[in-house]
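task: produce atomic coordinates for the following.
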Amino acid sequence: MNRPPVMNRLERFLFRLALLIALVGLVYAGDWAVLTVRVSHGTAFRQVQVTQFLATQLKGNKTEYDLMGTFPQTCSRSLFPQKGNLPCWWLQRHTSQWE
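Numbering: from 1, shown residues only. Okay, the predicted model is just below:
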């Protein structure tokens, strides 16, 4: 009994999707393990200077931007956000934060 080609395509898609999810899970687990080792050595976190702005809505559909200042923000030396901190590679490229 031959299966219809649609089922074969669906099975291949689901298999590839499961494989991708497993791969991302393994990379995340490895990233967490490396960060845990770095925490034990005291090299897991850094601080990046971040400039914060406040966006205020005004009349006439206008927006006013106010500089709140530059502050150090802690980041994790990892690929993914870990332990409540953004990764340093991302934060260094996005040093302006809008609130």
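
pLDDT below threshold where in the chain?
1-6 (pLDDT under 70).

now do the strands in this protein.
Secondary structure of the chain (DSSP state E): strands located at 45-58, 62-76, 96-98.

the nearest residue to Arg77 once chain neighbours are set aside: how many residues sit nearby?
Once flanking residues are discounted, Arg77 sits nearest to Cys88: 5.4 Å by Cβ to Cβ, 6 or more residues apart in numbering. Glycine gets a C-beta too; all of them are placed from N, C-alpha and C. Cys88 has 18 neighbouring residues, counting by other Cβ atoms under 10 Å.

is it true that Cys88 touches Gln73?
No. Between Cys88 and Gln73 there is no contact under Cβ atoms under 8 Å: 9.9 Å.

returning to that earlier point: mind checking which of the strands of the chain is nearest Leu20?
Nearest to Leu20, of all the strands of the chain, is strand 62-76, at 24.2 Å by Cβ to Cβ.

between strand 45-58 and that closest one, find me the angle.
170 degrees (axes from the mean of the first three to the mean of the last three Cα atoms, to 10 degrees).

show me which residues of strand 62-76 are buried.
By 16 or more other Cβ atoms under 10 Å, the buried positions in strand 62-76 come out as Gln73, Cys75, Ser76.

of all those residues, which comes closest to Glu99?
Out of the buried residues of strand 62-76, the member with the shortest distance to Glu99 (by Cβ to Cβ) is Gln73, at 13.1 Å.

returning to that earlier point: and the residue nearest to Arg77, how far from Thr43?
Cys88 sits 11 Å away from Thr43, taking Cβ to Cβ, to the nearest Å as the criterion.

separation between the residue lying closest to Trp89 once chain neighbours are set aside and Cys88?
Counting by Cβ to Cβ, 6+ apart, Leu79 is the residue found nearest to Trp89 once chain neighbours are left out, at 7.7 Å. Remark: distance between Leu79 and Cys88 (Cβ to Cβ) = 10 Å.
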